[in-house]
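Colleague: With the sequence up front, the predicted model follows.
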Amino acid sequence: METSIGYLKTVHGDLLAAARSESVRGDTPNGSGGPKRRRFPTAGFASAAAAILVVAGIIGAVVRSGGFGAEVPGSDSDDGATAATGAPEEATFRGPEPGAGDQGVAASPVHPGELSLPEGGEPPLGPLTISRIIRTGDISLIIPQDSFDDRFATVVDAAEDNRGFVAESRSRERAGMLTLRVPSARFDETLDAIRDLGTVAVESLRGRDVTAEYVDLRARLRIAKSRRDVLLRLMDRATSIEQTIRVQNALDETQLRIEQIQGQLRLLDDQTSFATITVDLHEEGVAAEVEAASIPNAFERAGAGFVGVIAAIIIGIGYLLPLAAIALVIWFVVVQVRRRHRVE
């Protein structure tokens with residue numbers, strides 16, 4: 001009898017131990033004693049984000065290349081470049097038509113010595129000369145064999161005949177390159193003379209309107225000069241060394257700013273008064289001169305590529321945001337309709 005009671009107590013203790021063990025296992029995942037952890041689909045979110053960026057980049061690249069009928073400001077195709085036989089864009093800001101007195105800024109040729117500013121440091125700017133356009137051109141010519149020396153000299157003569165000059169030149173056997181500076185009014189005439197020297201392989205013309213920048217610099221120059229006049233009057237009224245030093249420091253800063261603005265105006269005057277033409281000459285059978293590869297050029301191209309990719313992604317996201325908003329509205333409506341049907 002006592003043996004039976006002892007056996008029953010042993011069985012009862014085993015059952016209680018088993019119950020406690022099952023209770024602990026039910027409170028922990030997979031029977032482990034650690035706390036429950038909620039798993040988040042991080043891999044799915046990362047894949048979705050990567051897919052969105054890829055799609056945005058593709059859309060941006062298509063838009064930048066002229067797709068979807070969109071013209072993106074600041075893209076490569078919006079740099080004022082024209083076709084090989086076209087002409088640079090004219091400025092949208094024009095003065096009165098010729099015949100009312102004087103002509104536009106490019107009406108009469110000028111020499112390099114005529115670019116200096118007047119004594120006041122501010123170039124004249126009337127209503128007829130407000131348009132400022134930087135014109136540049138690149139042309140590559142294939143010339144007949146054994147004619148390089150003559151054609152090279154003819155390009156130099158063409159620049160001088162149009163009141164321009166050769167800014168830089170370099171040559172090798174049967175090929176060479178020249179950089180010409182000619183008055184903007186003689187830009188087309190100079191190009192026509194150069195085209196007649198051989199077969200045009202590549203030609204690129206560009207025009208950049210800097211009228212707004214020029215007008216802004218002139219306005220800042222006038223403000224700086226007015227401030228200088230005020231400081232000069234204050235200098236005459238200074239009654240202590242401290243006041244004199246403070247006014248003198250402000251006057252020096254203002255004078256430095258005036259000189260910087262005048263230098264920028266002179267640069268714009270030079271760039272808009274004289275156009276730049278780069279001419280590449282090479283005889284038949286001779287390869288055109290190619291820019292040598294270098295580390296700085298590699299970094300520059302890498303930076304340009306990085307900026308281009310980021311710009312394409314940003315443009316693509318701009319196209320995707322309205323679509324995402326529409327999809328979100330549709331999803332919200334569908335969810336609401338399903339909830340109503342479930343309630344009914």
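Modeller: Cool, the structure landed.

Colleague: the strands in the protein, which residues?
Modeller: In the chain, the strands defined using DSSP state E lie at 81-82, 133-143, 165-172, 175-183, 199-209, 274-283.

Colleague: Out of these, flag the one nearest Ile258.
Modeller: Across the strands of the chain, Ile258 has its closest neighbour in strand 133-143 (23.8 Å, CB to CB). No exception for glycine: its C-beta is placed from N, CA and C like everyone else's.

Colleague: Contacts made by the closest one with the rest, please.
Modeller: 88, 90-91, 151, 184, 187, 191, 194-195, 197-211, 271-272, 275-284, 288 (CB atoms under 8 Å, 6 or more residues apart in numbering).

Colleague: partners of that strand, with directions?
Modeller: strand 199-209 (antiparallel), strand 274-283 (parallel) (DSSP bridges).

Colleague: still on that earlier bit, most tightly packed of the strands of the chain?
Modeller: Comparing the strands of the chain by mean neighbour count (mean count of other CB atoms under 10 Å), strand 274-283 comes out on top with a mean of 22.

Colleague: send the alpha carbons of that one over as PDB?
Modeller: This file holds the C-alpha atoms of strand 274-283, laid out as PDB (Å, rounded to 0.1, in the frame of the first residue of the first chain):
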ATOM      1  CA  PHE A 274      35.200  89.000 -78.900                       C
ATOM      2  CA  ALA A 275      34.000  85.500 -79.900                       C
ATOM      3  CA  THR A 276      36.300  82.500 -79.500                       C
ATOM      4  CA  ILE A 277      36.800  80.000 -82.400                       C
ATOM      5  CA  THR A 278      38.800  76.800 -82.000                       C
ATOM      6  CA  VAL A 279      40.000  75.400 -85.400                       C
ATOM      7  CA  ASP A 280      41.400  71.900 -85.800                       C
ATOM      8  CA  LEU A 281      43.200  71.300 -89.100                       C
ATOM      9  CA  HIS A 282      44.400  67.800 -90.200                       C
ATOM     10  CA  GLU A 283      45.300  66.500 -93.600                       C
END
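
Colleague: Below-threshold pLDDT in this protein: ranges please.
Modeller: 1-9, 11-16, 18-45, 60-130, 287-298, 300, 344 (pLDDT under 70).
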